[in-house]
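Colleague: Here you go, sequence then predicted model.
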Amino acid sequence: MIISFRKLRTPFTLCALSLLMVTHLCAADLKVGDSFPDLAGFNLDGKLPEWKGKIVLVDFWASWCGPCKQSFPTMNELQKRYGEKGFVVIAINVDENSKDYEAFLRKMPAEFAVLRDSKQKLVAAVNAATMPTSFLLDTQGKVRHLHSGYKAKTREEYIHEIEALLIQPSPKP
């Protein structure tokens, strides 16, 4: 059976195609060099630390994620090691169920800021499809490094990248 394009031009079909195109454009991957969205605009659960003008590791995680459990000790270490030098870790949980989030944090205490994106608006805006996904931002809020997943070598990569950003002079406004 052959269907002509004319028959496909129903209002429903056109609306569906338009929605598909807009969804695709809005879900564009955040890349190195892009500005990270303003965290304050996403109504996240929890207290957002002072992060503007600092080097920031924004890490998206979920309670069911095995590699996320491995990453928490590293993020505790990084916050402790570089926190007084202008670095901050902000971990964004994507669990819909707060009990899962709370149970994870009881087992894996965090010495850094942890917020919850229960409506998953921020994680969708940056298109973080893998857990964990982390974005290392410079003092201007630009993505300088991106990590999908957490592997044994990720800790060393973080250290190298953070130290390189800490020694770079801050751009003048």
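Modeller: Thanks, I have the structure now. Residues are numbered from 1 along each chain as shown.
Colleague: And for stretch 114-126, what's in contact with it?
Modeller: Taking contacts as CB atoms under 8 Å, 6 or more residues apart in numbering, the residues outside stretch 114-126 that touch it are 26-27, 30, 36-37, 39, 42-48, 60, 90-96, 98, 101, 105, 133, 135. Where you see a C-beta, it was placed from the backbone N, CA and C, and this is true even at glycine.
Colleague: For PyMOL, what selects the buried ones among those residues?
Modeller: The PyMOL selection below is limited to those of the contacts of stretch 114-126 classed as buried (16 or more other CB atoms under 10 Å):
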select buried, resi 30+36+39+42+44+60+90+91+92+93+94+95+101+133+135
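Colleague: Show the subsequent helix or strand relative to the lowest-mean-pLDDT helix or strand in the chain.
Modeller: The helix or strand of the chain with the lowest confidence, counting by mean pLDDT, DSSP states H and E, is helix 11-26 at a mean of 35. Downstream of helix 11-26, the first helix or strand assigned by DSSP states H and E is strand 55-61.
Colleague: helices or strands up against that following strand?
Modeller: Contacts defined by 3 or more CB pairs under 8 Å, 6 or more residues apart in numbering; DSSP states H and E place strand 55-61 against helix 66-82, strand 87-93, strand 133-137, helix 154-167.
Colleague: Tell me the strands beside the second one, with direction?
Modeller: Yep, that's strand 87-93 we're talking about. In the sheet, strand 87-93 lines up against strand 55-61 (parallel), strand 113-116 (parallel) (DSSP bridges).
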